[in-house]
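Student: Build me a structure from this.
(chains A and B)
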Amino acid sequence: MDDTMTRQVVKGSQIMGIVAALAGWLVPGLGHLVLRRWSKAGVYFLCIGGLACAGLAMRGGVFGAGAEDLFDRLGFFADLGAGVFYFLAQQIQTAGPDVAHATGDYGTRLFAAAGMLNLLTVLEAYDIGRGGETK
Amino acid sequence: MMSRFANLTHFGALLFFALVVSITFAFLSKRGATERLKYTLWAFLAFLLVAIGIGWLMYPFSQ
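Tutor: Predicted coordinates for the structure are as follows:
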């Protein structure tokens, strides 16, 4: 179903916004799926999931919660934005990170970018869920 | 599939990143298939242009 047609079906509320945001953070696109924005849900899942998996396949590093310096802490929050891909990183990336090579370094950036992009989609899901008009 | 990404060059990674981010931005900011397609193409080319431009600017420092 087209997004334009479903726009009237979803009734906004604060709780719906929070539920959509949490779902969207946990699995990229799930928040939009809850809100019946089918095309956006699919595209966000494929793009963000693809970016995260590519980052892990390139043996990029994933920042842990126990980071000490500011850069690592920022990296942790960016990576955490990828939701389920962050928690499954070790299962997806069986060979472990290898940031000694350039490809691994690019992978680290791709994974962080996936997390940041997902946070943007989470904000949009929250806005749609609470009844705000979005493009 | 995963091994293809493991051997990606810098330029290949740039192309992939630019395409995926452009599509996501288009869906975030535009409504309608035509608008989204136009925005995706514009953003993708802008990513490439800026990256290659910055690459050329930094080239003398690598010598």
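
Student: residues in contact with residue 59?
Tutor: Going with chain A. Counting by Cβ atoms under 8 Å, 6 or more residues apart in numbering or on different chains, residue A:59 makes contact with A:93, A:95-99, A:101, A:103-104, A:107, B:6. C-beta coordinates here come from the backbone N, C-alpha and C atoms, glycine included.

Student: if you could check chain B rather than the one you did, that'd help
Tutor: Taking Cβ under 8 Å, 6+ apart, one finds nothing in contact with residue B:59.

Student: Local confidence estimate at it?
Tutor: What the model reports as pLDDT for residue B:59 is 89.

Student: what does residue A:9 give?
Tutor: The model's pLDDT for residue A:9 equals 50.

Student: Filter the contacts of residue A:59 down to the buried ones, PyMOL style.
Tutor: Restricted to buried positions by 16 or more other Cβ atoms under 10 Å in any protein chain shown, the PyMOL selection for those reads:
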select buried, (chain A and resi 93+97+98+103+104+107) or (chain B and resi 6)
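
Student: of the contacts of residue A:59, closest to residue A:78?
Tutor: Nearest to residue A:78 among these is residue A:107, at 13.5 Å by Cβ to Cβ.

Student: what's the nearest residue to that closest one if we skip its chain neighbours?
Tutor: Distances taken as Cβ to Cβ, 6 or more residues apart in numbering or on different chains place residue A:60 nearest to residue A:107, at 2.4 Å, with adjacent residues excluded.

Student: What's the local residue count around that neighbour?
Tutor: Using other Cβ atoms under 10 Å in any protein chain shown, residue A:60 has 25 other residues around it.

Student: how close does it sit to chain B?
Tutor: For residue A:60, the distance to chain B equals 10 Å [Cβ to the nearest Cβ, to the nearest Å].

Student: Go ahead and report the secondary structure state at that residue.
Tutor: Assigned by DSSP: H, G, I helix; E, B strand; the rest coil, the conformation of residue A:60 is coil.

Student: Which phi and psi values does it adopt?
Tutor: phi -70, psi 160 (degrees, to the nearest 10).

Student: Just list the residues touching it, thanks.
Tutor: Contacts of residue A:60 by Cβ under 8 Å, 6+ apart are A:97, A:99, A:104-111.

Student: Residue A:34 reaches residue A:21, doesn't it?
Tutor: No. Residue A:34 is not in contact with residue A:21 according to Cβ atoms under 8 Å; the separation is 9.9 Å.
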